[in-house]
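> Model the following, please.
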Amino acid sequence: MAQVSIECRQGDIAAQTDMDAVVNAANAQLRTGGGVAGALHRAAGPGLAEECAPMAPIRPGQAVISGGHGLPNRYVIHCLGPVYGRDEPAERLLADCYRNALRLAEREGLESLAFPALSTGAFGYPLEDAARCAVSTVVAESAALTRVKRIRFVLFDAAALAAHRTVLDALTR
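Numbers count the residues shown, from 1 in each chain. Just a heads-up that it's a prediction; the model follows:
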């Protein structure tokens, strides 16, 4: 893992100017919505929805890539996280989002990407459980990465930041 930098920050996922790609907490139809999807679609402009329409629908755990349009990033990787209590096995599906996004970034030759806390908003995944799954999956996957060098968790609030940092600190001591 020494070759891959993993960090946690509180901030706006749509304002990560130094990342090749940002990850969208997408809905199955890859349309604008609330939370992360709404913020990214508003910042990217209508071209993002137009490009994404033919790729929909996607399944929980799946990742697809589009251009960044009006975002400061070249690409957006869209992941459909599980709806907690409905999409099972939730933990495997959530881990698949992170794993598939990283593998897609690696395959596309990207060096950096930023993740939000997938499935923790409207999809209801408990924050601490989601943070443990997200960070442990990213740390485990980072060992196999050769192109991706920087991974950032961009968290909406202080509670999400603390949950992710706690797991990252415990895994990288």
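
> any weak-confidence spans in the chain?
For the chain, the stretches with pLDDT under 70 are 1-2.

> how does it look with 90?
For the chain, the stretches flagged by pLDDT under 90 are 1-3, 33-34, 172-173.

> Longest helix in it, please.
Determined from DSSP state H, the single longest helix within the chain is helix 90-107.

> roughly how far apart are Asp96 and Ala39?
23 Å (Cβ to Cβ, to the nearest Å). (Each C-beta comes from the backbone N, C-alpha and C, glycine too.)

> Show me where the chain has its strands.
Per DSSP state E, the chain carries strands over the ranges 5-10, 21-25, 63-67, 75-79, 112-115, 150-155.

> for these, which one sits closest to Asn100?
Asn100 lies closest to strand 63-67 among these, at 3.9 Å (Cβ to Cβ).

> Check which strands are paired with that closest one and give the direction for each one.
Strand 63-67 has its sheet partners listed here by DSSP bridges as strand 75-79 (antiparallel).

> bridging residues for the closest residue to Glu108 other than its chain neighbours?
Spatial nearest neighbour of Glu108, chain neighbours left out: Ile65 (6.4 Å); criterion: Cβ to Cβ, 6 or more residues apart in numbering. Ile65 has these beta-bridge partners by DSSP bridges: Ile77.

> for Ile65, what are its contacts?
Ala21, Tyr75, Val76, Ile77, His78, Leu104, Glu108 (Cβ atoms under 8 Å, 6 or more residues apart in numbering).

> for Lys149, same thing?
Neighbouring residues of Lys149 by Cβ under 8 Å, 6+ apart: Gln3, Val4, Ser5, Glu111, Ser112.

> Just give me the neighbour total for the fourth one.
One way to gauge burial is a neighbour count; for Glu111, by other Cβ atoms under 10 Å, it gives 14.

> With adjacent residues omitted, what lies nearest to it?
Lys149 (5.0 Å).

> same thing with the first one?
By the measure of Cβ to Cβ, 6+ apart, the closest residue to Gln3 outside its immediate chain neighbours is Lys149, 6.8 Å from it.

> wait, Pro82 sits on Gln62?
No: with contact defined as Cβ atoms under 8 Å, Pro82 does not reach Gln62; the gap is 11.1 Å.

> okay, those two: which has more neighbours?
Between Pro82 and Gln62, counted using other Cβ under 10 Å, Pro82 has the larger neighbour count: 25 against 19.
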